[in-house]
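Trainee: Here is a sequence with its predicted model. Questions after.
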Amino acid sequence: MTVDEPTVGGSLRRSVPLAGYTTYRFGGAASWLAEPDDLAGLAAARAAATHLGLPLVLLGRGSNVVVSDHGLDAVVVRLGPGFGSIVLDGGTVIAGAAAPQPKVARFAVERDRGGIEFLVGIPGSVGGGVVMNAGCFGSDFAEWMLDADVFDIEDGRVATRAADDLTMSYRSTALTDRHVVLSARLRTVPQPGGQGRERLRQITRRRRLSQPGGTLNAGSVFKNPPGDAAGRLIDAAGLKGLIVGGARVSPRHANFFEASASATAQDVFDLVAEVQRRVDRHSGVWLHTEIRFLGEFDGGRAR
C-alpha cells in the first residue's frame, strides 16, 4: 500500500503545521493529517496509520488541547464537514461529532426546543464534548445525551453506545483514545423560542463577564476538585497573573491560562506544572488537568 493523498479520499496530507488547528495557535506539525468527511474516509485513515506504524490521534476543534512544539509523529484526524450535520427528529437533536456545540444549542432554540442551551457556552465540537462529558453552568452531556455512535480505532467497528453505559461523571466518561465519536443524540424539551433565546443570551453574557475574551486560551485548564473550584484554589494561592515565558494565569479567571503571540506549548506546560505545585503546597490539593497535552514535553507528562 502506498500512502499518499488519495488514500483517504484526497484528505491525507504530510507534515502539516497544527498551530492553525488549535485555539492557542501554537504547536508543531503532524506527520500526517487526515480530514475525512465520512466513515469510509475515517476507516482509510485508520488503515494508513496501521500501515505506517503510527498512532491515530483525534484533534477535534482544538479548543482544549496543547500540541507539543515538537509536533506529533502520528496520523492526526480532524473530522471534516461531513460529520457536522445537525437534524431534529421529533424531540431529539442528532448532531454530528464535528458540529460546534454553540451551533447545536442555537439550532435547537430556533426550533422551539430547550434543555441544551448550555452548549452555547462551550467552544468545542460535539465529539469532544461527549468524550469528556463537557458542561458549564450546571448542565452537561450526561444530563441530556441519549446515546452516541462510536468508531473503535482498534477493531474498526461502529457501535451505538447508550449514555447509561458510558459511566459519565464530572468531565469523564468510559471513552478512551481508541474511540472516535461520530454523532450523538440529545433529548430536548418543548420551549418557546423567546425563552430559549433569552437563556442563550444569559449564558453568553455570563461567560463573557467571567471568562477572558479576546485572548488565546484553551478554556478551563483544570478540573474542579470535589466540593471546590480550581479557579478559587489558584486565586487563593496568589497565582492570578503568574507568568511563565509567554503564558500567564488569567487575571480575570484563574482557571484560564492565556498565551501571548510569542508563547510556546512548553510555556503552557511549565505554567501548568508550576500552578499544580504551588496550589498543592498552599492547600494540599493536586489539580488535575482538563485540557489535553499531545506529544512530548520537557518535564514528562501533565496529570
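Mentor: Now that the structure is in, tell me what you want to look at. For clarity, every value in this text was computed on a predicted model and none was experimentally measured.
Trainee: CA atoms for contacts and neighbours, from now on please.
Mentor: Will do.
Trainee: Pull the CA coordinates from stretch 246-262 and hand them back as PDB.
Mentor: Extracted as PDB, the C-alpha positions of stretch 246-262 are listed here (Å, rounded to 0.1, in the frame of the first residue of the first chain):
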ATOM      1  CA  GLY A 246       4.700  33.700  27.100                       C
ATOM      2  CA  ALA A 247       1.900  32.100  29.200                       C
ATOM      3  CA  ARG A 248       0.100  33.600  32.200                       C
ATOM      4  CA  VAL A 249      -2.700  32.800  34.600                       C
ATOM      5  CA  SER A 250      -5.600  35.000  33.500                       C
ATOM      6  CA  PRO A 251      -6.200  37.900  35.800                       C
ATOM      7  CA  ARG A 252      -9.900  37.600  35.100                       C
ATOM      8  CA  HIS A 253     -10.400  33.800  35.700                       C
ATOM      9  CA  ALA A 254      -7.600  31.900  37.300                       C
ATOM     10  CA  ASN A 255      -8.600  28.600  35.700                       C
ATOM     11  CA  PHE A 256      -7.800  30.000  32.200                       C
ATOM     12  CA  PHE A 257      -4.300  30.300  31.000                       C
ATOM     13  CA  GLU A 258      -3.600  33.000  28.300                       C
ATOM     14  CA  ALA A 259      -0.900  32.900  25.700                       C
ATOM     15  CA  SER A 260       0.900  35.800  24.100                       C
ATOM     16  CA  ALA A 261       1.800  35.800  20.400                       C
ATOM     17  CA  SER A 262       5.300  34.600  21.400                       C
END
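Trainee: contacts for it?
Mentor: Residues from elsewhere that reach stretch 246-262 (CA atoms under 8 Å, 6 or more residues apart in numbering): 24, 210-212, 215-222, 230-232, 234-235, 239-243, 263-264, 267-268, 271.
Trainee: can you check stretch 193-201 too?
Mentor: For stretch 193-201, contacts defined as CA under 8 Å, 6+ apart pick out 106, 109-114, 117-118, 120.
Trainee: out of the contacts of stretch 246-262, which are inside helices?
Mentor: 210, 230-232, 234-235, 267-268, 271 (DSSP state H).
Trainee: Widest-spaced pair of those residues?
Mentor: Ser210 and Asp267 (24.0 Å; CA to CA).
Trainee: The two - which one has more neighbours?
Mentor: Neighbour count, other CA atoms under 10 Å: between Ser210 and Asp267, Asp267 has more, with 20 against 10.
Trainee: Quickly note the distance from that one to Gly20.
Mentor: Using CA to CA, to the nearest Å, Asp267 is found at 18 Å from Gly20.
Trainee: Reformat the ones in helices among the contacts of stretch 246-262 as TSV; add distance to Arg197 and pLDDT.
Mentor: Shown next, in TSV, are the ones in helices among the contacts of stretch 246-262 (distance: CA to CA, whole Å; pLDDT from 0 to 100):
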residue	distance to Arg197	pLDDT
Ser210	20	89
Ala230	30	98
Gly231	29	98
Arg232	31	98
Ile234	34	99
Asp235	33	98
Asp267	39	99
Val268	36	99
Leu271	38	99
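Trainee: Throw together a ChimeraX command that grabs the buried residues out of those residues.
Mentor: Restricted to buried positions by 16 or more other CA atoms under 10 Å, the ChimeraX selection for the ones in helices among the contacts of stretch 246-262 reads:
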select :230,231,234,235,267,268,271
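Trainee: Pipe the ones in helices among the contacts of stretch 246-262 into TSV and attach distance to Ile203 per row.
Mentor: Output for those, formatted as TSV (distance: CA to CA, whole Å):
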residue	distance to Ile203
Ser210	11
Ala230	20
Gly231	19
Arg232	21
Ile234	24
Asp235	23
Asp267	31
Val268	28
Leu271	29
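Trainee: so which of the ones in helices among the contacts of stretch 246-262 would you say is closest to Phe141?
Mentor: Proximity of the ones in helices among the contacts of stretch 246-262 to Phe141 (CA to CA) peaks at Ala230, which lies at 20.8 Å.
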